[in-house]
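>>> would you be able to build a 3D model of this:
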Amino acid sequence: MPMIDLAKIRNIGIAAHIDAGKTTTTERILFYSGRIRKMGEVDEGSATMDWMEQERERGITITSAATTSFWKDHRINIIDTPGHVDFTVEVERSLKVLDGLIAVFCAVGGVQPQSETVWRQADRYRVPRIAFINKMDRTGADFFRVVGQMKTKLSLRPLVLQIPIMDHDGFYGVIDIVGQKAVYWEGKTLGVEFREVEIPEAYRKMAGQYRGEMLEILAEFDEDLFESYFGEIPIPVEMIKSVIRKGTVNLHFFPVFCGTASRNMGVQTLLDGVLDYLPSPVDLPPVKGMNPETDKEESRPPSVDAPFSALLFKAQTDPHLGLIYYMRVYSGCINSGDKVLVYPPSRVDRVSRLLLMHANKREEKTSLAVGEIGVVTGLRECKTGYTLCAVKHPIVYESMRFPEPVIFVSLEPKTKMDDAKLDDTLRYLQIEDPTFKVRTDEDTAQRIISGMGELHLEIIVDRLKREFGVECHVSRPQVSYRETIRNTVMAEGRFIKQSGGRGHYGVVKLRIEPTERGRGIAVVNKLKEGAIPRQFVPAIEEGIMEQAEVGVHFGYPVIDIQVTILDGQYHPVDSSDLDFKVAAQIAMREGFTRGEPTLLEPIMSLEIIVPQNYLGDVINDINARKGRILKIETNKQDKIIDASLALARSFGYATDLRSITQGHGIHTMQFSHYEPKEEKEEKSLY
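Alright, predicted model coming up:
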């Protein structure tokens, strides 16, 4: 069993809005820690972590990539995540297994829409974070504006640990508030060398102000520091760091650093911050799960001596190894060749190989221990969220929830040879990506693929051709609508067939009522005592959910309703699960017809940044698409427009915006909510 110092391990992610500099920051971390010898650049398609062809061509991160580096005797396991909203699933499943996060913000763009999405995801998993305000060298960079936005837009308490040294000519270094010193990087050494000197006279007042604010915040959470601060007793740096660490781990506040990764400034102090303030596996509570044999909650301490347990958080298709699975080891140790329990299928598999990944490069390992993030091969087909554990010590960890797709296209293979390969290939891609769905249209026999956006499906189709050699014709993107009802209705479903022998007998009475937007589907059991035997209730619920999934009136999935099971009838001989399932489906169809069914369409939130002189044209275009302008802000010479737009009217918007603004406008778009579709448009569809 390997000896491992868990206190010297950091499992961190790097996440932010698209183009905030996540991958560039990761590249510098790998360079300064000695993991790579030459820094790659995103714009040149040479970044280490952007290894997919599609990533290098587009200059964006599409899939999360894992690597390991070392800094000051500490091991840092890093996951670089995408910033584009279409690939937010990669951020979601990475955050599930990480102990800490570097949230990167653009000093010019500030807190942008995907920054908010990532922050909310991290809140959900209670991941401690430090903030890195990047691109301080850019024209329009404003450190203090971004800190202010963090307070207002993210409702958090920033703890400023660095302030930038800059003038009208640019960014030169940082003031370290904790250590009370100025730090400057040497450009000739690519930022490898830096010097620490006294704080310049011009910055001493500001540094003193921010140090006072920092200590006042820290004094709220530590009695010893409180007494020293208000008793005007000198406070050791180590005490300050200790309290910052405790507050960061407990999510009381979030340390803020700054720099410019592309100009090699600020990354080493950021790495020091990772070691000083983000937690190791032993700083966090033991992870909890359910024992599938007893249905009782259990926990696994982060110890090599505890029974092995791990969570599979990502599947990937490897051209040589087939399906491989990324896992976070929460307890114990696993060796290649070991047998493991796989849940929820509840089966025993044998581990073939264990690997550590450096982007797409593999390093063979004989064992992986608690605190490590690695890859396992040889398992039968698994999904994201499956648990691996010791055969004699079963445990199941909570899985993950993923958003539903909002856009779909139809696929037609070009040749019979492509047709034969297509279904297997699509199955593998669905295993890789839980937000990618495939179904076959019953009327046309076409394969319908759905995803999170145009770029998401574009990448899928491109991968089909390049990686799997399957070429397809693709239809124009279409919207994945939802349906609901406006009125509460009572409905009865009767499935009765009796013809001499054993027949069918099932009667179900339901109340179907609309709920507020975003509630999904709720099924409530209020059966009268003795109306239907208890064993038939799951079949009724299954019938309701299956009918809701395929749609009722318009053929789209049903959302935002509550279905209450009120009453029913059964036959002591003829009734079966199937009868009540069918009766429930009949009741759903009959009730929906009378409940004033309506279509719901996906609405996208849109943020557009344009120079002042294009503002009018951009607003006119949004109005022409029947979008809504929610807010307009000014940032230096640019205007920031917050708007909402129906997904159906958003197709091709990126091209149109480039044309309207002569290439100067940028935008981000992400799913916001569903709302009723206008009646005229609803009728025109059918």
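>>> return the distance of the one helix or strand Leu411 maps to from the chain's centre.
Element membership for Leu411, per DSSP states H and E: strand 407-413. Strand 407-413 sits 25 Å away from the centroid of its parent chain (C-alpha atoms, centre = their mean, to the nearest Å).
>>> who does that strand pair up with?
According to DSSP bridges, strand 407-413 has the following sheet partners: strand 447-451 (antiparallel), strand 472-474 (antiparallel), strand 478-479 (antiparallel).
>>> where does pLDDT dip in the stretch 451-600 of the chain?
500-501 (pLDDT under 70).
>>> again, but for the stretch 301-450 of the chain
441-445.
>>> and the strands in it?
309-318, 322-331, 333-335, 339-343, 347-350, 353-358, 361-365, 367-369, 373-377, 387-389, 396-397, 407-413, 437-440, 447-451 (DSSP state E, counting those that start in this stretch).
>>> and Glu232, what does it touch?
Contact analysis of Glu232 by C-beta atoms under 8 Å, 6 or more residues apart in numbering lists nothing. (Glycine included, C-beta is placed from N, CA and C.)
>>> how near is it to Ile217?
18 Å (C-beta to C-beta, to the nearest Å).
>>> what's the answer for His74, then?
26 Å.
>>> so who does the residue nearest the centre of the chain touch?
Centroid check for the chain by C-alpha atoms, centre = their mean gives Glu92 as the closest residue, at 2.5 Å. Contacts for Glu92 (C-beta under 8 Å, 6+ apart) come out as Gln121, Met400, Phe402.
>>> what's the spacing between the last one and Leu355?
This points to Phe402. 25 Å.
>>> contacts only, for the nearest residue to Tyr614 once chain neighbours are set aside.
Nearest non-adjacent residue to Tyr614, counting by C-beta to C-beta, 6 or more residues apart in numbering: Thr661, 4.5 Å away. Residues in contact with Thr661 (C-beta under 8 Å, 6+ apart) are Val610, Pro611, Tyr614, Asp617, Val618.
>>> narrow the residues you listed to those that are buried.
In the contacts of Thr661, burial by neighbour count holds for Val610, Tyr614, Val618, counting by 16 or more other C-beta atoms under 10 Å.
>>> returning to that earlier point: neighbour-wise, which of Phe402 and Leu355 wins?
Leu355 (20 against 17; other C-beta atoms under 10 Å).
>>> so the residue nearest to the centre of the chain, which of the three states?
At Glu92 the chain is in helix, as set by DSSP: H, G, I helix; E, B strand; the rest coil.
>>> cool, and Gly140?
coil.
>>> can I assume it is in contact with Val108?
Yes: counting by C-beta atoms under 8 Å, Gly140 does reach Val108; the two are 4.6 Å apart.
>>> between those two, which is the more surrounded one?
Between Gly140 and Val108, Val108 has the larger neighbour count (other C-beta under 10 Å), namely 20 against 14.
>>> any idea which helix or strand carries the more buried one?
Per DSSP H and E: nothing holds Val108, as it lies in no helix or strand.
>>> and the strands paired with strand 407-413 as a markdown table, adding mean neighbour count and distance to Leu30?
Output for the strands paired with strand 407-413, formatted as a markdown table (neighbours: other C-beta atoms under 10 Å; distance: least, C-beta to C-beta, whole Å):
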| stretch | mean neighbour count | distance to Leu30 |
| --- | --- | --- |
| strand 447-451 | 21 | 31 |
| strand 472-474 | 15 | 37 |
| strand 478-479 | 18 | 41 |
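>>> redo the ones you listed as JSON lines? Include distance to Phe194.
Converted to JSON lines, the strands paired with strand 407-413 look like this (distance: least, C-beta to C-beta, whole Å):
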{"stretch": "strand 447-451", "distance to Phe194": "44"}
{"stretch": "strand 472-474", "distance to Phe194": "51"}
{"stretch": "strand 478-479", "distance to Phe194": "52"}
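>>> now do the strands for the stretch 101-250 of the chain: every range, in order, please.
129-134, 158-160, 162-167, 170-176, 181-185, 194-197.
>>> among the ones you listed, which comes closest to Leu510?
strand 129-134 (45.6 Å; C-beta to C-beta).
>>> tell me the angle the closest one makes with strand 162-167.
10 degrees (axes from the mean of the first three to the mean of the last three C-alpha atoms, to 10 degrees).
>>> give the partner strands of strand 129-134 in its sheet and their orientations.
Strand 129-134 is paired, per DSSP bridges, with strand 100-106 (parallel), strand 254-258 (parallel).
>>> remind me, longest strand of this protein?
strand 597-611 (DSSP state E).
>>> partner strands of it and their direction?
strand 482-485 (antiparallel), strand 638-646 (antiparallel), strand 666-676 (antiparallel).
>>> buried residues, that strand. List them.
597-610.
>>> would a markdown table of those residues with distance to Val104 be doable?
As requested, the buried residues of strand 597-611 are exported to a markdown table (distance: C-beta to C-beta, whole Å):
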| residue | distance to Val104 |
| --- | --- |
| Pro597 | 45 |
| Thr598 | 42 |
| Leu599 | 39 |
| Leu600 | 35 |
| Glu601 | 33 |
| Pro602 | 28 |
| Ile603 | 28 |
| Met604 | 24 |
| Ser605 | 21 |
| Leu606 | 22 |
| Glu607 | 17 |
| Ile608 | 21 |
| Ile609 | 18 |
| Val610 | 23 |
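>>> and of these, the nearest to Gln149?
Looking across the buried residues of strand 597-611 and measuring by C-beta to C-beta, the closest to Gln149 is Glu607, at 12.8 Å.
>>> so Val508, which of the three states?
Per three-state DSSP, Val508 ends up strand.
>>> give the contact list for it.
Taking C-beta under 8 Å, 6+ apart, one finds Glu492, Gly493, Ile532, Ile540, Gly543, Ile565, Asp567, Gly568, Phe580, Ala583, Ala584, Ala587 in contact with Val508.
>>> can you count the residues close to the third one?
Residues contacting Ile532 under the criterion other C-beta under 10 Å number 24.
>>> what bridges to the closest residue to it other than its chain neighbours?
Nearest residue to Ile532 in three dimensions, chain neighbours excluded: Gly568, at 4.3 Å (C-beta to C-beta, 6+ apart). Counting by DSSP bridges, Gly568 is bridged to Val508.
>>> same question for stretch 536-544: list its buried residues.
Phe536, Val537, Ala539, Ile540, Glu541, Glu542, Gly543, Ile544.
>>> present those as JSON lines; the columns should include secondary structure.
Formatted as JSON lines, these follow (three-state DSSP):
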{"residue": "Phe536", "secondary structure": "helix"}
{"residue": "Val537", "secondary structure": "helix"}
{"residue": "Ala539", "secondary structure": "helix"}
{"residue": "Ile540", "secondary structure": "helix"}
{"residue": "Glu541", "secondary structure": "helix"}
{"residue": "Glu542", "secondary structure": "helix"}
{"residue": "Gly543", "secondary structure": "helix"}
{"residue": "Ile544", "secondary structure": "helix"}
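>>> most widely separated two among those?
Phe536 and Ile544, at 12.8 Å, using C-beta to C-beta across these.
>>> any idea how far the residue nearest to Tyr614 is from Gln112?
For Thr661 relative to Gln112 (C-beta to C-beta), the value is 18 Å.
>>> can you check Leu645 too?
On the measure of C-beta to C-beta, Leu645 and Gln112 end up 17 Å apart.
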